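Asker: just coords:
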């Protein structure tokens, strides 16, 4: 089959994928869009490599895929609601927001599955305060693998983002910083004010530390960390430096300084180089956005974890969605389901060049299941909370 490769182009705020078009039998296009949680150029490259796999799964049905990257999370959501694209990889928070603000415009089609983190899925499972306290202590090497105090016969738990074989439909957000020893090597002041070896959100606040966060529709990068801040007394949430400095002394006690970290790989880099004092993201951005990124600066760099310190763990967050415009045909919906469910079974997340590997590199997804609107009731409640407590 003769094929031509179109040029990369930027149009309407979107970074477009180089599309392969078949000349001997025209296919009906399915236009999907990624949100830019990672570096857009890298996502674009991965999407280009994934496209032939997806096309092969649905070619007998007369479809082919175009995949591009939205300029922002909001741009993808807006394009989907307007019917400018067929489908988009919305976060659970993004889908919840859209279902509230523009009901009936977008349908959830698939929910992603991920490999859980052993520390949370297997070793210290649960989401109550006691379970999260154990997970936090284990991630920071403050307890043994049995959950008890460290001793000569009970060495510290070693956490490096170890993956579980358990597939989960949720993930958590985390707030991470550098240990004071790592900060000292960067000529940065200590954050652990009381010298107990633990860094708390209060100590970061009191030091006027700068916390990296994502845009306001990001669940793990903004909404759930905001709830974590609220629960810890910082009811005014993130404020820019200028806005923070303009607050009264009383209100400064209720706010933290936040800056846009733009993407999760960038957040890790900013944290490790001392450009920000803490970062918000999914559990665990050090692993998914740095440690396993084969072409990245921190590929298999254990110091991501040995130098890092996990400050807090958020409430559980529903996994990402593959959502579609409500007018999309049944044929296209079925083709999307078929292609992505097949892709995650082709190869593995560690086998380079396979469809499963490419999808894992894009969003750390390891599976897809059919989803329905009611699955996201809790995400809608959290979005309503964030709107009610926005400042």
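Answerer: Yep, it's here. Computed from a prediction, not measured in an experiment: that's the story for all the values here.
Asker: right, and the helix or strand after whichever strand or helix holds residue 257?
Answerer: Per DSSP states H and E, residue 257 falls inside strand 255-260. For strand 255-260, the succeeding helix or strand toward the C-terminus, using DSSP H and E, is helix 264-272.
Asker: which residues are contacting that next one?
Answerer: 37-39, 42, 176-178, 212, 214, 221, 261, 275-276, 278-282, 285-286, 288-290, 293, 296-298, 303-304, 307-308 (C-beta atoms under 8 Å, 6 or more residues apart in numbering). C-beta coordinates here come from the backbone N, C-alpha and C atoms, glycine included.
Asker: among those residues, which ones are in strands?
Answerer: 176-178, 212, 278-282, 308 (DSSP state E).
Asker: nearest to residue 162 among those?
Answerer: Distance ranking of these against residue 162, using C-beta to C-beta, places residue 308 first at 14.6 Å.
Asker: what's the neighbour count on that closest one?
Answerer: Number of residues near residue 308 (other C-beta atoms under 10 Å) recorded here: 23.
Asker: please apply the same query to residue 52.
Answerer: 13.
Asker: that one in helix, strand or coil?
Answerer: The local conformation at residue 52, judged by DSSP: H, G, I helix; E, B strand; the rest coil, is helix.
Asker: neighbouring strands for the helix or strand harbouring residue 322, and are they parallel or not?
Answerer: Using DSSP H and E, residue 322 sits within strand 321-325. Its sheet considered, strand 321-325 pairs with strand 87-88 (antiparallel), strand 106-117 (antiparallel) by DSSP bridges.
Asker: off-centre distance for that strand?
Answerer: From the chain centre to the centre of strand 321-325 is a distance of 17 Å (C-alpha atoms, centre = their mean, to the nearest Å).
Asker: OK, contacts around residue 155?
Answerer: 144-145.
Asker: quick one on the thing from earlier: widest-spaced pair of the ones in strands among the contacts of helix 264-272?
Answerer: Greatest spatial distance in the ones in strands among the contacts of helix 264-272: 178 and 282, 18.7 Å, computed using C-beta to C-beta.
Asker: circling back to that earlier point, kindly indicate which of the ones in strands among the contacts of helix 264-272 lies nearest residue 156.
Answerer: Using C-beta to C-beta, residue 308 comes nearest to residue 156 of the ones in strands among the contacts of helix 264-272, at 14.6 Å.
Asker: list the contacts for that closest one?
Answerer: Counting by C-beta under 8 Å, 6+ apart, residue 308 has contacts 176-179, 182, 271, 286.
Asker: can you check residue 348 too?
Answerer: The neighbours of residue 348, taking C-beta under 8 Å, 6+ apart as the test, are 354, 356-357.
Asker: so how do I select the buried members of those residues in ChimeraX?
Answerer: Buried subset of the contacts of residue 348, written as a ChimeraX selection, criterion 16 or more other C-beta atoms under 10 Å:
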select :354,356,357
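Asker: for stretch 64-76, buried residues please.
Answerer: Within stretch 64-76, the residues scored as buried using 16+ other C-beta under 10 Å are 64-71, 73, 75-76.
Asker: export the contacts of residue 308 to a markdown table and tack on neighbour count and distance to residue 113?
Answerer: Listed next are the contacts of residue 308 as a markdown table, based on neighbours: other C-beta atoms under 10 Å; distance: C-beta to C-beta, whole Å:
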| residue | neighbour count | distance to residue 113 |
| --- | --- | --- |
| 176 | 26 | 24 |
| 177 | 27 | 30 |
| 178 | 25 | 32 |
| 179 | 19 | 33 |
| 182 | 18 | 34 |
| 271 | 27 | 28 |
| 286 | 29 | 21 |
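Asker: tabulate these (TSV), appending pLDDT.
Answerer: As requested, the contacts of residue 308 are exported to TSV (pLDDT from 0 to 100):
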residue	pLDDT
176	98
177	98
178	98
179	98
182	98
271	98
286	97
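Asker: re the thing from before, can you give me how far the strand holding residue 257 is from the chain middle?
Answerer: Taking the mean of its C-alpha atoms, strand 255-260 sits 19 Å from the chain's own mean (C-alpha atoms, centre = their mean).
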